[in-house]
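Asks: Next comes the sequence, and after it the predicted model I'd like to discuss.
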Amino acid sequence: MSAPPKGSVPDTGSEAAASTAVLAVSGLTVSFGHGRRRRTVVHDVSLALAPGECLALVGESGSGKSVTARSLIGLAGPESAVSSEGMRVDGVDTTGFRERDWRAVRGRVVGLVSQDALQALDPLRRVGAEVAEPLLAHRLATRAQVPGRVTGLLAAAGVPEPELRARQYPHQLSGGLRQRALIASATAGGPRVLIADEPTTALDVTVQARVLELLRELKESGTALLLISHDLAVVAQLADRIAVMTEGRVVESGPAATVLGSPQHPYTRTLIASVPGRVPLPVRTRPVEPAGRPLLSAAGLVKRYRSPGGGTRTAVSSVDFTVAPGETLGVVGESGSGKSTLAAMAMGLLAPDEGRVLLDGEPWSALDERRRRPLRRGIQLVHQDPLGSFDPRFTVRRLLDEALSVAGPGRAARRRERAAELLDQVGLDTALLERRPAGLSGGQRQRVAIARALATSPRLLVCDEPVSALDVTVQAQVLELLARLRRAYGLAMLFISHDLAVVQQVSDRVLVMRDGVVVEQGPVAEVLGSPQHPYTRRLLAAVPRLPGTAPSPDPRTTL
């Protein structure tokens with residue numbers, strides 16, 4: 001998309017924000033690298049944010065949203081060069097701040113909810129200690145008061161059983177629970193400004209609704225909110241103003257109702273046109289008819305975990321399902337409902353306590369890993385958290401080459417060609433082959449994860465929230481990619497997602513899980529079009545919708 005000419009960058013500060021700004025920056029420019037390799041990723045961005053106001057930065061992955069937000073609190077990253085005409089936080093000029101100065105601001109004046117909860121939380125500390133850190137660092141509570149404050153903050157962020165979760169480590173929580181714990185930590189210090197970078201990415205719709213209500217309450221109490229999101233329906237729930245970014249530039253800004261209702265820039269119109277329908281429609285296509293034996297089947301799956309302090313917790317209880325060749329089975333439910341545990345058992349990464357999984361009619365869960373390993377190329381996992389699944393030392397090229405070597409050693413030159421082809425398939429530039437995971441945006445990492453899963457030409461993909469980190473335009477591209485693979489190769493999928501609109505678009509059948517139990521299942525048109533269980537109806541009622549956007553037709557009519 002074309003950028004506005006220099007000097008005509010839209011002003012992202014309203015009159016109210018400009019006069020009473022608790023956070024303001026003018027002419028922000030950010031670049032990375034040195035010499036000829038230096039590249040500018042944020043160009044001349046200006047914004048102002050008043051108390052009690054929400055400004056949303058929207059745009060595709062890599063558009064500069066997160067770099068802009070993190071630069072405002074001195075976290076642009078290594079090898080970054082940040083310049084501006086002026087930058088103020090709570091009335092203080094921060095242009096000459098050193099790390100020591102920023103430490104007094106972060107958590108107390110400005111809170112940050114990062115995009116990647118697993119990376120932001122310390123894996124060696126219990127969740128309660130993570131939430132308590134701002135309270136102790138800024139002397140906001142005595143040690144005796146901390147446990148009660150931590151429990152209250154976790155509960156306010158929508159974390160069930162907050163006393164139990166406070167004693168657990170991040171890896172023991174689902175993706176949604178980790179994200180809520182991070183929100184609790186970011187709000188612990190009562191900051192005047194909250195920077196929320198994709199705060200609802202990993203959340204199911206009911207918890208998303210609670211978190212949005214929490215953010216709304218903070219805003220109404222006077223907290224200024226800088227919201228970074230690719231979900232325009234979420235933005236519509238909170239934002240007073242919207243700034244649209246692409247290629248590091250703000251190309252359109254204004255009141256939320258104006259930008260969403262009457263977009264002026266072609267790029268903004270593209271973003272809005274890519275929003276999937278938020279109300280399920282009857283499916284107007286013939287679902288896959290299971291023929292012969294299923295590709296994947298499970299019977300009576302049960303999984304229990306030990307709870308801190310003794311006892312056990314049942315994560316999955318008596319679950320049965322089948323996936324036919326070429327079929328997509330969707331699995332929906334709140335965070336902690338057992339979806340990811342079910343995916344791990346389907347992959348053979350977790351042994352069920354009861355029940356069994358068959359792959360192509362043959363034992364799968366009962367095999368030891370030595371006998372299972374040669375069969376793994378036929379069933380691949382797209383992780384919910386791509387960064388946690390990558391070796392941070394590897395480049396993208398090496399990550400793909402490792403998977404291609406498993407698929408069939410072959411010649412190194414051919415593997416290099418195939419790596420480039422895989423990136424092209426998922427809509428990434430081959431220049432990213434030499435990048436490491438930390439140098440990729442969240443959406444780019446997710447697409448690399450999908451490319452790696454496709455490297456072995458699998459018959460079945462187990463997709464655990466595969467598009468949760470993607471902006472709407474890239475999400476549409478990835479879903480179309482999966483549709484093309486299904487058409488071309490008869491690829492089957494076990495598709496786990498908290499986004500009911502996405503599940504409706506890609507699935508033939510759907511399982512609805514709650515507290516480890518399947519409460520409803522059947523053809524996707526029936527379950528999502530005419531839900532019978534109160535829990536399913538509650539999930540559908542909580543789905544946010546972009547005002548004025550009609551539901552999109554079911555893309556499977558073209559499959």
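Replies: Right, received. Where do you want to start?

Asks: Mind listing residues that contact stretch 67-79?
Replies: Stretch 67-79 has contacts (CB atoms under 8 Å, 6 or more residues apart in numbering) with 23, 25, 28, 30, 32-34, 41-42, 45, 57, 80, 82, 87, 89, 94, 97, 99, 102, 105-106, 110, 112, 195, 197, 226, 228, 245, 248. Yep, even glycine has a C-beta here, placed from its N, CA and C like the rest.

Asks: Stretch 148-159 too?
Replies: 127-128, 131-132, 135, 141, 162-163, 165-166, 177, 180-181, 183-185, 187-188, 207, 210-211, 214.

Asks: So the residue lying closest to residue 458 once chain neighbours are set aside: helix, strand or coil?
Replies: Distances taken as CB to CB, 6 or more residues apart in numbering place residue 380 nearest to residue 458, at 4.2 Å, with adjacent residues excluded. With DSSP: H, G, I helix; E, B strand; the rest coil as the basis, the three-state label of residue 380 is strand.

Asks: ok, now how distant is residue 380 from residue 141?
Replies: Separation of residue 380 from residue 141 (CB to CB, to the nearest Å) stands at 47 Å.

Asks: tell me which residues in whichever strand or helix holds residue 320 are buried?
Replies: According to DSSP states H and E, residue 320 maps onto strand 312-323. Under the neighbour-count criterion of 16 or more other CB atoms under 10 Å, strand 312-323 has 315, 316, 317, 319, 321, 322, 323 buried.

Asks: And it, what does it pack against?
Replies: strand 296-306, strand 328-333, helix 339-347, strand 492-496, strand 509-514, strand 517-523 (3 or more CB pairs under 8 Å, 6 or more residues apart in numbering; DSSP states H and E).

Asks: State the mean pLDDT of it.
Replies: Average pLDDT, strand 312-323: 94.

Asks: So what touches that strand?
Replies: 290, 294-307, 329, 338, 341-342, 345, 352, 355, 460, 492-494, 511, 513, 515-518, 521.

Asks: Now a ChimeraX select for only the buried ones of those residues.
Replies: Those of those that count as buried under 16+ other CB under 10 Å are selected in ChimeraX with:
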select :290,294,295,296,297,298,301,302,303,304,329,338,341,342,345,352,355,460,492,493,494,511,513,515,516,517,518,521
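
Asks: quick one: residue 60 and residue 474 touch, right?
Replies: Yes. At 6.2 Å, residue 60 and residue 474 qualify as touching, with contact defined as CB atoms under 8 Å.

Asks: Now do the shared contacts for the two.
Replies: Common neighbours of residue 60 and residue 474 (CB under 8 Å, 6+ apart) are residue 443.

Asks: Below-threshold pLDDT in the chain: ranges please.
Replies: 1-19, 118, 202, 276-292, 308, 409, 469, 547-559 (pLDDT under 70).

Asks: Would you map the strands across the stretch 51-200 of the chain?
Replies: 54-58, 80-83, 86-89, 92-93, 110-113, 193-197 (DSSP state E, counting those that start in this stretch).

Asks: same for the first one, what does it pack against?
Replies: When contacts are defined as 3+ CB pairs under 8 Å, 6+ apart, strand 54-58 packs onto helix 65-71, strand 224-228, helix 232-238, strand 241-246.

Asks: Direction included, what does it pair up with?
Replies: strand 224-228 (parallel), strand 241-246 (parallel) (DSSP bridges).

Asks: Surely residue 216 touches residue 238?
Replies: Yes. Under the criterion of CB under 8 Å, residue 216 makes contact with residue 238 at 6.3 Å.
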